[in-house]
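Q: Provided below for reference: sequence and predicted model.
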Amino acid sequence: MTLVKTIRKVGNGSALPLDKTLLDMMGWRVNDQVQITVDGSSVVLTATKPGIGKERLEKSLAKFRTRYARALAELAK
């Protein structure tokens, strides 16, 4: 996938906005930390904390427990 973005001025610095679609594709959220690697004229962004995070994990588990409550009860016997 290739995207073209515009660097914007923010205060005394600049920012490269990442839209929600891209963040969702990467599994990233606002305030996640990323490692920035510069290789010549290329920049690589890598999540520094792999995983889905505590809040998303709890939501996923709650959804899973609701959806599979009957099966989980049978397995617990």
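A: Received, thanks.

Q: for the rest of this, base every contact and every neighbour count on C-alpha atoms.
A: Fine.

Q: any low-confidence regions in the chain?
A: Counting by pLDDT under 70, the ranges of the chain that qualify are 49-53.

Q: for this structure, just list every one of the strands.
A: Ranges of strands within the chain are 8-10, 13-15, 34-39, 42-47, based on DSSP state E.

Q: redo the ones you listed as TSV? Include distance to K77 and mean neighbour count.
A: Formatted as TSV, the strands of the chain follow (distance: least, Cα to Cα, whole Å; neighbours: other Cα atoms under 10 Å):
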stretch	distance to K77	mean neighbour count
strand 8-10	58	10
strand 13-15	55	9
strand 34-39	44	11
strand 42-47	40	11
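
Q: contacts only, for L72.
A: Listed by Cα atoms under 8 Å, 6 or more residues apart in numbering, the contact partners of L72 are R65.

Q: so what's the residue nearest to the spatial centre of the chain closest to, chain neighbours aside?
A: For the chain, W28 is the residue whose C-alpha lies nearest the centre (Cα atoms, centre = their mean; 1.4 Å). Leaving aside its sequence neighbours, W28 sits nearest to A47 (Cα to Cα, 6 or more residues apart in numbering; 7.8 Å).

Q: just to revisit the earlier point, quick one, phi psi at the residue nearest to the centre of the chain?
A: phi -100, psi 150 (degrees, to the nearest 10).

Q: circling back to that earlier point, quickly list what the residue nearest to W28 is bridged to.
A: Bridge pairing for A47 (DSSP bridges) gives the partners V34.
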